[in-house]
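# here is my input; please provide its structure:
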Amino acid sequence: MDKFVMATANPNKIIEIQNKIGNKHQFLSLKEIGCFEEIPETSDTIEGNALQKARHVFENYGYHCFSEDTGLEIDALDGAPGVITAHYAGENRDANANMDKVLREMQGINNRKARFKTVIALKMNSNEYLMEGIVYGSISEVKRGNDGFGYDPIFIPDGYDRTYAEMSLEEKNKMSHRALAVAKLKTFLDNYTKGPF
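Model (predicted):
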């Protein structure tokens, strides 16, 4: 069984990934490999941040590693919050403050088109792979719904009249940007199960 580190301190993400990809591979958390330092995220792109985290683990701990980075990109705000999605309103990563800032900046703007993008970077030996999941949608006028996290209460995916936060977790996970990226990772790993890394 191949071992992969997922560059996250969140054990729930490990469980979620394991459930979606299956048991052909073992996924380890940063804690399980003794990585407790803050991994730098200093790139000016979502792709760059995902690669930076995966490279850090591989180069310092020697494990195949994948990492994900996610951004909300709003047309009327020239792609913001983008790479600083998690700390748009400040370094403390306050989801409500982030949403409040977006809604303030969007007041009076008719073009509310946006997209959520997740990029998974996979580092295996000298090889690097990127897998992307994008969901297009729009920004609501107010926060709606109590489920989900992050910007879920203000993001309405195309084809729906509800925000992510008004959906069940099961419904959101079938079509979310992260689910699309993880599906590509699963396909990649399934296709490389028989071959050497």
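
# which residue ranges form the strands in the chain?
Along the chain, counting by DSSP state E, strands occupy 2-6, 25-28, 64-74, 113-124, 127-139, 155-157.

# what's the closest of the ones you listed to Ile39?
strand 64-74 (8.2 Å; C-beta to C-beta). For the C-beta atoms, the positions are set from N, CA and C on the backbone; glycine is no exception.

# show me what the closest one packs onto, helices and strands only.
In terms of contacts (3 or more C-beta pairs under 8 Å, 6 or more residues apart in numbering; DSSP states H and E), strand 64-74 is packed against strand 2-6, helix 46-61, strand 113-124, helix 177-191.

# below-threshold pLDDT in this protein: ranges please.
Low-confidence segments of the chain (pLDDT under 70): 1, 12, 193-197.

# for the residue nearest the centre of the chain, name its beta-bridge partners.
The centroid of the chain falls nearest to Thr70 when counting by C-alpha atoms, centre = their mean (3.6 Å). Counting by DSSP bridges, Thr70 is bridged to Thr118.

# ok so, going back, most tightly packed of the helices and strands packed on strand 64-74?
For those, the largest average neighbour count (mean count of other C-beta atoms under 10 Å) is found in strand 113-124, namely a mean of 22.

# now do that one against strand 64-74: the angle between them, please.
On the basis of axes from the mean of the first three to the mean of the last three C-alpha atoms, to 10 degrees, strand 113-124 is oriented at 170 degrees to strand 64-74.

# quick one: distance of strand 113-124 to the chain centre.
Remark: strand 113-124 is offset 6 Å from the chain centroid, using C-alpha atoms, centre = their mean, to the nearest Å.

# ok, now stretch 23-35?
How far stretch 23-35 lies from its chain's middle: 18 Å, per C-alpha atoms, centre = their mean.

# just the C-alpha atoms of it, please, in PDB.
Taking Å, rounded to 0.1, in the frame of the first residue of the first chain, the C-alpha atoms of stretch 23-35 are listed here in PDB:
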ATOM      1  CA  ASN A  23      -8.300   2.000   0.700                       C
ATOM      2  CA  LYS A  24      -5.700   1.300  -2.000                       C
ATOM      3  CA  HIS A  25      -3.600   4.000  -0.500                       C
ATOM      4  CA  GLN A  26      -2.900   5.200   3.000                       C
ATOM      5  CA  PHE A  27      -3.200   8.900   3.800                       C
ATOM      6  CA  LEU A  28      -1.200  10.400   6.600                       C
ATOM      7  CA  SER A  29      -1.700  13.800   8.300                       C
ATOM      8  CA  LEU A  30       1.100  16.200   9.000                       C
ATOM      9  CA  LYS A  31       0.900  15.300  12.700                       C
ATOM     10  CA  GLU A  32       1.400  11.600  11.900                       C
ATOM     11  CA  ILE A  33       4.800  12.400  10.200                       C
ATOM     12  CA  GLY A  34       5.900  14.800  12.900                       C
ATOM     13  CA  CYS A  35       5.400  17.900  10.900                       C
END
